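Enquirer: Below are the sequence and a predicted model for it; my questions follow.
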Amino acid sequence: MMEREKYFDNACGVLILYMILLHCSIHFGFDDTSFMSFFRHVFFFFMPWFFFKNGYFFKLSERKVLAKNSFNRLIKPYLKWMLIGHLIYCIFLCVSGFFDWKLYVIYPLKQLVCDSALVGNLPLWFLLSLFLVRLLANELLQFRFNLIVVILLLGIICYISYIFSPLRFILLSNVPTGLFFFLSGYIIKNNSNIISEKSSIVQHIMTTCPIIIYLSIVCLEPSYVDMRVNILWEGSYVYWLIGSILACLTINTICKMRIFDRLGLGYIGRNSMMFYVSHWVILYIIHICIAILTNMGFDVPIKSFV
């Protein structure tokens, strides 16, 4: 495997583990602790990175071919694991004595339309969003627009979306933001040869500067956005938008260190889809079992997740 693929796998493994930790904190009630606050400040860029990575490896395709491949890769697991999550949610309702048919049909349909996922597997919003981002990016790249101008315009759209958030349909919030990071990854990848042609001193400066700026944001102006709904939780939206790109470059650089190869993170990164689509369902089952065994109420915050 090429070095490039290895360090992307390592970075993916790190961020998938952080995502699972974050969702554990939501399910089990320690999301407001200083422990999680620290990790949110450090990994404020974790959802942008997944769009960035997909853009980095993206290649222009014929429209129908891209749609078919993206459907098989993203929408099929989206539908499969959404159904699994919903079945578990329905079983919990039955066990808990809730038999109002609206809870099984009407509420989930409204949530699916507005939130792009169901309570039984909420993180799946990303797969639908990425599917749309890939199709939009392919169309934009076919026209050979000036991508720097496109990125700047998308940044403005993201900021306007943030001002009016939360929007009724969350895809209106996260698709422009996802496209911003996706095309950023694409631009950086397709201009990487320019950096490689520079002198070693210039390359070192261009590698070090993103790390310094990223650490400065973490220490001086920690900024955190719930990318799913494009809502600012803390800090500055502009710092988050720009800082996330620099943070993506930073973690990719750090994960080139050989120690990451020895930690098994590459395995998690290479199998990230399975971890991504299944972890919320597993946490949901554990949460339900604990609630039933301890006779405690069950109340997973269905809006507060990333």
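Expert: Arrived safely, thanks for sending.
Enquirer: Just want the phi and psi numbers for F145.
Expert: With angles defined as degrees, to the nearest 10, F145 sits at phi -70, psi 160.
Enquirer: State the number of residues packed around it.
Expert: By the criterion of other CB atoms under 10 Å, F145 has 11 neighbours. Any C-beta I mention is one placed from the backbone N, CA and C, and that applies to glycine too.
Enquirer: Now F169: closest residue in space that isn't a chain neighbour?
Expert: Setting aside the residues directly before and after it, F169 is nearest to C114 in space (CB to CB, 6 or more residues apart in numbering), at 5.8 Å.
Enquirer: Report the separation between that neighbour and L103.
Expert: 16 Å (CB to CB, to the nearest Å).
Enquirer: before we move on, the earlier item: so the residue nearest to F169 sits in a helix?
Expert: Yes - the assignment for C114 is a helix, going by DSSP: H, G, I helix; E, B strand; the rest coil.
Enquirer: Any idea how many residues pack against it?
Expert: 14.
Enquirer: who's in contact with it?
Expert: Contacts for C114 (CB atoms under 8 Å, 6 or more residues apart in numbering) come out as R168, F169, I170.
Enquirer: switch the cut-off to 10 Å
Expert: P166, L167, R168, F169, I170, L171 (CB atoms under 10 Å, 6 or more residues apart in numbering).
Enquirer: now the first one, what's its secondary structure?
Expert: So the one you mean is P166. Per three-state DSSP, the secondary structure class of P166 is coil.
Enquirer: Kindly tell me how buried it is, as a neighbour count.
Expert: For P166, the neighbour count with other CB under 10 Å is 17.
Enquirer: For the stretch 1-150 of the chain, give me the ranges with low pLDDT.
Expert: When residues are selected by pLDDT under 70, those of the stretch 1-150 of the chain lie in 1-4.
Enquirer: ugh, typo on my part, it should be the stretch 151-300 of the chain
Expert: For the stretch 151-300 of the chain, the ranges with pLDDT under 70 are 194-199, 295-300.
Enquirer: cutoff 50 now
Expert: Scanning the stretch 151-300 of the chain for pLDDT under 50 picks out 300.
Enquirer: Which parts of it are strands?
Expert: Applying DSSP state E, counting those that start in this stretch to the stretch 151-300 of the chain gives strands spanning 224-226, 231-234.
Enquirer: which of the ones you listed sits most buried?
Expert: strand 224-226 (a mean of 21; mean count of other CB atoms under 10 Å).
Enquirer: list the helices and strands it packs on?
Expert: helix 34-42, helix 46-56, helix 171-190, strand 231-234, helix 237-254 (3 or more CB pairs under 10 Å, 6 or more residues apart in numbering; DSSP states H and E).
Enquirer: Give me the contact list for the shortest one.
Expert: Counting by CB under 10 Å, 6+ apart, strand 231-234 makes contact with 37, 40-41, 44, 161-163, 165-167, 173, 221-226, 237-240, 303-304, 306, all of which sit outside it.
Enquirer: Also stretch 61-79?
Expert: Taking CB under 10 Å, 6+ apart as the rule, stretch 61-79 contacts 54, 58-60, 116-117, 121, 124-135, 137-139, 141-142, 273-274, 276-278.
Enquirer: Now that we have the contacts of strand 231-234, which of them are buried?
Expert: Buried members of the contacts of strand 231-234, scored by 16 or more other CB atoms under 10 Å, are 40-41, 44, 161-162, 165-166, 173, 222-226, 237, 239-240, 306.
Enquirer: thinking again about what came up before, pipe the helices and strands packed on strand 224-226 into CSV and attach distance to I285 per row.
Expert: Formatted as CSV, those follow (distance: least, CB to CB, whole Å):
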stretch, distance to I285
helix 34-42, 22
helix 46-56, 24
helix 171-190, 27
strand 231-234, 28
helix 237-254, 31
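Enquirer: Helices of the stretch 51-200 of the chain, residue ranges please.
Expert: 63-70, 76-95, 101-104, 106-115, 125-142, 147-164, 171-190, 192-196, 200-220 (DSSP state H, counting those that start in this stretch).
Enquirer: Name the residue closest to the centre of this protein, please.
Expert: Taking CA atoms, centre = their mean, the centroid of the chain lies closest to M47, which sits 2.7 Å from it.
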